[in-house]
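**Student:** Requesting a structural model of the entry that follows:
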Amino acid sequence: MYSTWQRVVTPVLALALAACGSSAESETSAETGSDSGSAAGDEIGTETETETSAEDESGSGETDAGTETDSETETTATPGLEGEFSFLTYNVAGLPEGVSSSHPEANTPQISPLLNAYDLVLVQEDFWYHEELSADAEHPYQSQPWSEEPSLVDMGDGLNRFSIFPFELHEREAWYDCNGTLDCASDCLATKGWSFARTTFEAGVVVDVYNLHMEAGSCEEDLVIRDQAAMDLVSAIAIRSEGRPVIVAGDFNLRTTDPEDVFALDTIKSGAGLADACEVLDCGDARIDQVLYRGSESLLLEAQQWWIPPEFVTEDEEDLSDHLPVAVRLRYETL
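**Tutor:** Presented below is the predicted three-dimensional model:
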């Protein structure tokens, strides 16, 4: 668990922060899938809120933790309704300048307007520069950041979302434990975990969307925590999203090609009945930034395309983050 000494700022704290992004990717290869694939189908730091509309200056307030919309009050969609949306997950490397392995002071303002090309965006490591990241984002529904004034003592979870679709019941959960303050990827310097929101794409088309950032590092304790976190996530999905369509995306810090990661990945996919958009579309690029999804008895979800957007670069063709963004086009149809 998080102890007091882990949160004490020391003269070497800033140096240790750099390890938070030690598992970040900077691959430049990009492949696009064209075939479609369908899927039908003891935590800390809890925070719950409804979505914030960018047009509502007064904010939307908060809801009680764990509150769910009564499914009987949701509009039932007419069978045969179809639609599609673009989805982006992106670790924006938002640790403080000089600590981040990217250059967030210069790059974050450049990322902001590029988000507008995507209907639903999930970001990770949005720690220090949220104001800059949201400045030119025109999505009417945006999550409130963990804190308006982040600090080295409390950077938060770095998980935020930008959406053209309304969402509610926004909730944040930390993983049950972390490992490393000045070693082993220093995960305890941030409150890594997952966030949840119920997103309405049109009347009767409602999907539970999870944004996550898993433990980094390769120490034995990191592997144990990741495996347990995978099981906890599956349990959370079973409680919050039973019988519902689901998207789970973000920085998994897990690869399908790493034997040490197989248990956690298989636990999440099989335990929650999720398909991997990259695998379904044979993208050929085993990344730690992933998009998983499932449909339900009343809604078909189908991955149409997976790609790495080429526009997230500087004028000198340098990547705007130490991760590459991953985009997926998803199609839905009511059954």
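**Student:** Now the residue nearest the centre of the chain: closest residue in space, sequence neighbours ignored.
**Tutor:** Central residue of the chain (Cα atoms, centre = their mean): residue 211, 2.8 Å from the mean position. Using Cβ to Cβ, 6 or more residues apart in numbering and skipping residues adjacent in sequence, the residue nearest residue 211 is residue 122, 4.2 Å away. C-beta: built from backbone N, CA, C; applies to glycine.
**Student:** quick one: contacts for that neighbour?
**Tutor:** 87-90, 159-161, 209, 211, 249-250 (Cβ atoms under 8 Å, 6 or more residues apart in numbering).
**Student:** For it, which three-state class applies?
**Tutor:** strand (DSSP: H, G, I helix; E, B strand; the rest coil).
**Student:** returning to what we had before: do I have it right that the residue nearest to the centre of the chain meets residue 158?
**Tutor:** No: at 9.9 Å, residue 211 does not count as touching residue 158 under the criterion of Cβ atoms under 8 Å.
**Student:** Need the overlap of contacts for the two.
**Tutor:** 123-124.
**Student:** quick one: the helices in this structure?
**Tutor:** Along the chain, counting by DSSP state H, helices occupy 13-17, 104-114, 130-134, 220-240, 262-272, 277-280.
**Student:** For stretch 89-101, buried residues please.
**Tutor:** Neighbour counts using 16 or more other Cβ atoms under 10 Å place 89-96, 99-101 of stretch 89-101 among the buried residues.
**Student:** likewise stretch 235-244?
**Tutor:** Of the residues in stretch 235-244, those buried by neighbour count under the rule 16+ other Cβ under 10 Å are 236-237, 240-241, 244.
**Student:** Just the CA atoms of it, as CSV, please.
**Tutor:** In CSV, the C-alpha atoms belonging to stretch 235-244 read as follows (Å, rounded to 0.1, in the frame of the first residue of the first chain):
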residue,chain,number,x,y,z
SER,A,235,-13.6,-8.3,-11.1
ALA,A,236,-14.4,-4.6,-11.4
ILE,A,237,-15.7,-5.1,-15.0
ALA,A,238,-17.9,-8.0,-13.8
ILE,A,239,-19.4,-5.8,-11.1
ARG,A,240,-19.9,-2.6,-13.1
SER,A,241,-20.4,-3.9,-16.6
GLU,A,242,-22.2,-7.2,-16.3
GLY,A,243,-23.9,-7.9,-19.6
ARG,A,244,-22.8,-4.6,-21.1
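**Student:** pLDDT below threshold where in the stretch 201-335 of the chain?
**Tutor:** Across the stretch 201-335 of the chain, no stretch falls below the confidence threshold (pLDDT under 70).
**Student:** Can you verify my assumption that residue 125 contacts residue 99?
**Tutor:** No: distance between residue 125 and residue 99: 11.3 Å, which falls outside the contact criterion (Cβ under 8 Å).
**Student:** Now for the closest residue to residue 229 other than its chain neighbours: which residues touch it?
**Tutor:** Taking Cβ to Cβ, 6+ apart, and ignoring the residues beside it in sequence, residue 229 has residue 175 as its nearest neighbour in space, at 4.7 Å. Neighbouring residues of residue 175 by Cβ under 8 Å, 6+ apart: 43, 192-193, 214-215, 225, 229, 232.
**Student:** Could you say which of the residues you listed is surrounded by the most neighbours?
**Tutor:** In terms of neighbours by other Cβ atoms under 10 Å, the contacts of residue 175 top out with residue 215 at 30 neighbours.
**Student:** quick one: that one from residue 202, how far?
**Tutor:** Residue 215 sits 36 Å away from residue 202, taking Cβ to Cβ, to the nearest Å as the criterion.
**Student:** can you count the residues close to residue 208?
**Tutor:** The local packing count at residue 208 equals 22, with neighbours defined by other Cβ under 10 Å.
**Student:** circling back to that earlier point, generate CSV for the contacts of residue 122, with distance to residue 312 as supplementary columns.
**Tutor:** Conversion of these to CSV gives the following (distance: Cβ to Cβ, whole Å):
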residue, distance to residue 312
87, 15
88, 9
89, 12
90, 8
159, 19
160, 17
161, 17
209, 21
211, 18
249, 16
250, 17
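**Student:** Pick the one among these closest to residue 110.
**Tutor:** residue 90 (12.6 Å; Cβ to Cβ).
**Student:** Show me what the closest one is bridged to.
**Tutor:** With DSSP bridges applied, residue 90 shows beta-bridge pairing to residue 123.
**Student:** in terms of contact, does it touch residue 321 like I think?
**Tutor:** Yes: using Cβ under 8 Å, residue 90 is in contact with residue 321, at 6.9 Å.
**Student:** where exactly do the strands run in the stretch 151-300 of the chain?
**Tutor:** Remark: strands assigned in the stretch 151-300 of the chain by DSSP state E, counting those that start in this stretch are 160-163, 167-174, 193-202, 205-213, 246-251, 275-276, 289-294, 299-307.
**Student:** send the alpha carbons of the fifth one over as PDB?
**Tutor:** As requested, C-alpha coordinates have been extracted for strand 246-251 and formatted as PDB (Å, rounded to 0.1, in the frame of the first residue of the first chain):
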ATOM      1  CA  VAL A 246     -17.100  -2.700 -22.900                       C
ATOM      2  CA  ILE A 247     -14.000  -1.000 -24.200                       C
ATOM      3  CA  VAL A 248     -10.800  -1.300 -22.200                       C
ATOM      4  CA  ALA A 249      -7.800   0.700 -23.500                       C
ATOM      5  CA  GLY A 250      -4.700   2.500 -22.400                       C
ATOM      6  CA  ASP A 251      -1.100   1.800 -21.500                       C
END
